[in-house]
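Enquirer: Requesting a structural model of the entry that follows:
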Amino acid sequence: MGEEYVSDDFTACVRREFPALAHKAYLDTACIGVAPLRAVRAVTDLAQGMQYCPAESGTAMHGRLNELRAQARPLAARLIGAEASDIALTESATHGLKIALESLPLRAGDQVLIPDLEFIQMGVMWQQLKDRGITVRTVPHDEAGRIGVDAVRAELTRDVKVVALSSVQWTNGYRADLAALSELCRRRDIWLVVDAAQHLGALPLNVRRTPVDILVCGGHKWLCSPFGTGFLYLDPAARPRLRRPLAGFFAAEPPARTWGEAFLRPDLTPLQDYEFSEDAYAWETGGTGNYPGAVGLSAALSLLLELRPQRVEAHLRTLTDYLTEGLDRLRLTVVSPRDPRHRSGIITFTTGRPSADAALMGSLLAAGVAVSVRFTSGVGGVRVSCHLYNTLRDLDALLEATEDWQRRPRRNGRPTGHPQPRRSAAAQVVRQRALIDALDDDLMGLITARDGVSRGIRRSRFEGAMSRTDLAREREVVERFHHRLGQNGTRLALELLRMCRGDT
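Expert: The predicted structure follows:
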């Protein structure tokens, strides 16, 4: 059985931020990550604040929301060693890739290379350029499921203008040699477009040391952002050569200090020449943004930066080493690369038959171990995603459930019977108590926020020479709680009113 090995501060921070995973083996981050407590609270606080519009006007509130959204750019920049001016915020990796495709100066006859192991979205989007006369070709993987630099080089012709790939492949977790690919593309004046959705948050990447022209990343996987978010990196040297996409007015420079001030000018008209920044945010949609998603992304990025990408990578290296050794003991075939230079947080293994892989996945899910099965171009199997919140105990749970599946009697090659639940009732209680603790934290935060609003009301009533307490309003509060919760609601409302009366 695995022992804990990471530093106390790392472990304490992770346990605090992911209380619901204390006794849950969630090993499916490559599909969707788990949001940390700080990200959930950031979204909740923003949504609750919108009930009151704390700014003095809607215009001021809109400006404040744009400022909150913009705070995600410098955090994303720090994660990859870029500048905030190089970052555009997107809804997803797909959104970022769409902007990239529309911005690249490609012409009829140009060719694009993508690995044949790519995530389906990569092929779907690039293939839509064929009506512009642009051809997409695939680089074949080798027998070990790798896409090496030599394989890319062998496919290069004078018509290849773009090499587009995921820095970590989604089925087997193969980590590309981006440094070598970057050098190859720059020598040949080829655009390098990188999808880092399966990379960032799990592994470090610095675009100063490993230059890429365009990088896209979704927030809902390894970055652990709770809503549809992501970002797009545009190399400052590449931006002058890119087409600027159609965008709304927030992507343009306001003809005053702010757009709110511009709206006050009587000479403002819809048809006039607008200046656009040279910064990457000019490639954003330029309309009302996904503000809850942005504050959630900012909070999630702050956690990753606090834990430090190098420490997260070391944690994942220990987990994947341990898992690989355990799979070897069970005589299962590890599909993912063993070379540390090409390994990621994804370890994929197979029983040797896709149908059996799917059956094993079902058995693992029934045992409370979340994994996926993924295949592309014949490469894949049971995909295990090890992230910062996982422990060796999670991997023990997976290995034990897999061994139990192997031992079950078979009929026509298929296991019979049902897997036994892995957790005892006591363990289930502990897990559920962790959820209660998280909910209690939220309740205490809401009570504190309610008290703050109540203080503001009392202050306003005092300044307006009104009575300190509005009994009619308090009756409304009690009645609303009683209607939803009965007598318990009445008692709860009275206690809340007592707690929030306080002293002005």
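Enquirer: So which residues of the stretch 251-400 of the chain form helices?
Expert: 259-262, 291-307, 309-329, 354-366, 392-407 (DSSP state H, counting those that start in this stretch).
Enquirer: What of the stretch 401-504 of the chain?
Expert: 425-463, 471-501.
Enquirer: relative orientation of the longest one and helix 471-501 in degrees?
Expert: Just to be clear, that refers to helix 425-463. 120 degrees (axes from the mean of the first three to the mean of the last three C-alpha atoms, to 10 degrees).
Enquirer: roughly how far out does helix 425-463 sit from the chain middle?
Expert: Distance, stretch centre to chain centre, for helix 425-463: 26 Å (C-alpha atoms, centre = their mean, to the nearest Å).
Enquirer: Name the next helix or strand downstream of the helix or strand hosting residue 77, please.
Expert: Per DSSP states H and E: residue 77 is located in helix 72-80. The helix or strand immediately downstream of helix 72-80 is strand 87-90, counting by DSSP H and E.
Enquirer: what helices or strands is that next one leaning on?
Expert: Applying 3 or more C-beta pairs under 8 Å, 6 or more residues apart in numbering; DSSP states H and E, we find strand 87-90 packed against helix 72-80, helix 93-103, strand 230-234. Where C-beta positions appear, they are placed from N, C-alpha and C, glycine not excepted.
Enquirer: between those, which gets nearest to residue 501?
Expert: Among those, helix 72-80 comes nearest to residue 501, with 38.6 Å by C-beta to C-beta.
Enquirer: Now do that closest one: which elements does it pack against?
Expert: On a contact count with 3+ C-beta pairs under 8 Å, 6+ apart, helix 72-80 meets strand 87-90, strand 230-234, helix 291-307.
Enquirer: ok, 7 Å please
Expert: When contacts are defined as 3 or more C-beta pairs under 7 Å, 6 or more residues apart in numbering; DSSP states H and E, helix 72-80 packs onto strand 87-90, helix 291-307.
Enquirer: how about the last one as CSV, C-alpha atoms only?
Expert: The C-alpha coordinates for helix 291-307 follow below in CSV (Å, rounded to 0.1, in the frame of the first residue of the first chain):
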residue,chain,number,x,y,z
TYR,A,291,-17.4,36.8,-15.7
PRO,A,292,-18.2,33.8,-13.3
GLY,A,293,-15.9,31.6,-15.3
ALA,A,294,-13.1,34.2,-15.3
VAL,A,295,-13.1,34.7,-11.5
GLY,A,296,-13.2,30.9,-11.1
LEU,A,297,-10.3,30.6,-13.5
SER,A,298,-8.3,33.2,-11.6
ALA,A,299,-8.9,31.5,-8.3
ALA,A,300,-7.9,28.1,-9.8
LEU,A,301,-4.7,29.6,-11.4
SER,A,302,-3.8,31.2,-8.1
LEU,A,303,-3.8,27.7,-6.4
LEU,A,304,-1.6,26.2,-9.1
LEU,A,305,0.9,29.1,-8.8
GLU,A,306,0.8,28.8,-5.0
LEU,A,307,1.6,25.0,-5.2
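Enquirer: which residues make contact with that helix from outside it?
Expert: Identification of contacts with helix 291-307 by C-beta atoms under 7 Å, 6 or more residues apart in numbering yields 10, 13, 17, 35-36, 38-39, 42-43, 46-47, 65, 68-69, 71-72, 75-76, 78-79, 89, 201, 219, 223-229, 312, 388.
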